[in-house]
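Undergrad: Make a model of this:
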Amino acid sequence: MRPYLILKLLAIHLVVIGFAMAIVWLAIDTLAAGYFVTLMEKYGISPEPAHAMFVDAVHRYLLWASLGAVALAVVLSFVLMRRVLAPLSRMTVTTREIAAGNFGVRVPAETGDEVGQLARAFNRMAASLEDIERLRRDLMIDVAHELRTPLTNMRGYLEALNDGVIPPSADTIALLQDETLRLVQLVEDVLQLARADAARSRLTLEPLDLGALIREAFAALAPVFARRAITVRLDMPESPVVLALDRRHMSRILRNLGDNAARYSPSGGDVKVSLEATPERACIRVVNTAPHLVARDLPLIFERFYRGEKSRSRDHGGAGIGLAIVKELMEAHGGRVAADRHDDRLTIRLELPRTRP
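TA: Numbering: from 1, shown residues only. The predicted structure follows:
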């Protein structure tokens, strides 16, 4: 590819040189030679032999100058253009490496011109592909890890039942049913996460009262909070906070936040949900007690399959996908999420741009 491009650039140079030669040649033959003859006649000198010598000398020097220009164009094309096109050649090699699965390769970006900008943009694309591949591998590993435990438990009990080691009983069947439901819930969570990834281009926006959506979501979770004796306090503004939202996805965000607070708050604890609005944005805060969470967990709680429970115990349920779905759907709405911890209390903050619906 590179020699062919160099030849095309050289051809452009030769066309320019040839055009310049033709213009100068015609100018000499039509204008300069005529001025020379007029000048010779003015001083009484025979113009014939001098005119021929003048034209021949000018043509000869013009040809030599043209040959020198062609040689210089060839040298510059093959020397300078090779330097200019070297990053493009490296990009070709790097593209083959990425296609083969080596996402860690990069193109040197040593200049600040357009080629250097292209190299930096190419490196950003390669870094994004590397991150996507890493997330894909992590997702496969995490899903396999989450599936292995319930499947191992089910296999063990089924083998024991088949061998007659344990008798079939209501407790054994209930345990197998619980493990089956856990698998079903995991598959549903992964499906919801995939839908959240695709939500950016599938939002159906309509003007909705965000405060009303919060009340509806936490009212639906009231039995869950009641079973654990958790007090829920809602601090909503009196006037409606209307934003352009996707009802289904926003309800999913709020349900996941409430479910997360219910699962990880201690029994007898409390959860506070507040909504603040300015002309530019709306901010939702969900505050609950989280004694098992430490500061280093905060940057990771929105990652897929991450849980603050270091033992990865299933006592609280869930596969660590709920807050990852919250993050994806918030970003689909143009919002952002953050988490903070102070005095054993976790604050999850959601900010949405307040655009005119």
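
Undergrad: Which secondary structure element is home to the nearest residue to residue 115 once chain neighbours are set aside?
TA: Of all residues not flanking residue 115 in the chain, residue 87 sits nearest, at 5.2 Å (Cβ to Cβ, 6 or more residues apart in numbering). All C-beta spots, glycine's among them, are computed from the backbone N, C-alpha and C. Assigned by DSSP states H and E, residue 87 falls within helix 47-99.

Undergrad: For the following helix or strand past that helix, the averaged confidence score.
TA: Following helix 47-99 in sequence order, the next helix or strand is helix 114-163 (DSSP H and E). For helix 114-163, the mean pLDDT works out to 80.

Undergrad: quick check: angle from helix 114-163 to helix 47-99?
TA: 20 degrees (axes from the mean of the first three to the mean of the last three Cα atoms, to 10 degrees).

Undergrad: Which strands or helices does helix 114-163 pack on?
TA: For helix 114-163, the packing partners by 3 or more Cβ pairs under 8 Å, 6 or more residues apart in numbering; DSSP states H and E come out as helix 47-99, helix 170-197.

Undergrad: hey, least reliable of these by pLDDT?
TA: Mean pLDDT is lowest for helix 47-99 among the helices and strands packed on helix 114-163, at a mean of 73.

Undergrad: Distance from the chain centre to that helix, please.
TA: Using Cα atoms, centre = their mean, to the nearest Å, the mean C-alpha position of helix 47-99 is found 44 Å from that of the whole chain.

Undergrad: same thing with stretch 270-290?
TA: Centre-to-centre, stretch 270-290 and its host chain are 28 Å apart (Cα atoms, centre = their mean).

Undergrad: Tabulate the CA atom coordinates of that stretch in CSV.
TA: Taking Å, rounded to 0.1, in the frame of the first residue of the first chain, the C-alpha atoms of stretch 270-290 are listed here in CSV:
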residue,chain,number,x,y,z
ASP,A,270,-33.6,2.9,58.2
VAL,A,271,-33.4,4.2,54.6
LYS,A,272,-33.8,7.8,53.6
VAL,A,273,-34.7,8.8,50.0
SER,A,274,-34.5,12.4,49.0
LEU,A,275,-35.1,14.4,45.8
GLU,A,276,-33.6,17.8,45.1
ALA,A,277,-34.2,19.8,42.0
THR,A,278,-32.6,22.9,40.4
PRO,A,279,-33.3,24.5,37.0
GLU,A,280,-30.3,22.5,35.6
ARG,A,281,-30.6,19.1,37.3
ALA,A,282,-32.4,16.7,39.6
CYS,A,283,-30.6,14.8,42.3
ILE,A,284,-31.8,11.6,44.0
ARG,A,285,-30.0,10.4,47.2
VAL,A,286,-30.6,7.0,48.8
VAL,A,287,-29.0,6.7,52.2
ASN,A,288,-28.9,3.5,54.2
THR,A,289,-26.7,1.9,56.8
ALA,A,290,-24.0,-0.3,55.3
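
Undergrad: tell me the domain ranges of this structure?
TA: 2-102, 133-198, 204-353 (automatic domain parsing).

Undergrad: Let's have these in TSV, adding distance to residue 124.
TA: Putting the domains of the chain into TSV (distance: least, Cβ to Cβ, whole Å) gives the following:
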stretch	distance to residue 124
domain 2-102	13
domain 133-198	15
domain 204-353	19
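
Undergrad: okay, the ones you listed, which one's buried deepest?
TA: Counting by mean count of other Cβ atoms under 10 Å, domain 204-353 has the highest mean neighbour count of those, with a mean of 17.

Undergrad: next one: that domain to chain centre, how far?
TA: 24 Å.

Undergrad: Endpoints of that domain, how far apart?
TA: Length of domain 204-353, first residue to last, Cα to Cα, to the nearest Å: 16 Å.

Undergrad: I'd like the average pLDDT over that domain.
TA: On average, domain 204-353 scores 83.

Undergrad: that older thread, how close does the residue nearest to residue 115 sit to residue 232?
TA: Distance, residue 87 to residue 232, using Cβ to Cβ, to the nearest Å: 59 Å.

Undergrad: could you say what helices and strands the helix or strand residue 206 falls within packs with?
TA: Per DSSP H and E: residue 206 is located in strand 205-209. Strand 205-209 is packed against strand 242-246, helix 247-264, with contacts defined by 3+ Cβ pairs under 8 Å, 6+ apart.

Undergrad: Just want the angle from the longest one to strand 242-246.
TA: Meaning helix 247-264. Calculated by the same axes, to 10 degrees, helix 247-264 forms an angle of 90 degrees with strand 242-246.

Undergrad: Which strands or helices does helix 247-264 pack on?
TA: In terms of contacts (3+ Cβ pairs under 8 Å, 6+ apart), helix 247-264 is packed against helix 170-197, strand 205-209, helix 210-220, helix 222-227, strand 270-277, strand 281-289, helix 322-332, strand 345-353.

Undergrad: quick one: that helix to helix 322-332, angle?
TA: Angle between the axes of helix 247-264 and helix 322-332 is 150 degrees (criterion: the same axes, to 10 degrees).

Undergrad: and the gap between the closest residue to residue 73 other than its chain neighbours and residue 70?
TA: Nearest residue to residue 73, sequence neighbours excluded (Cβ to Cβ, 6+ apart): residue 13, at 4.0 Å. When distance is defined by Cβ to Cβ, residue 13 is 8 Å away from residue 70.
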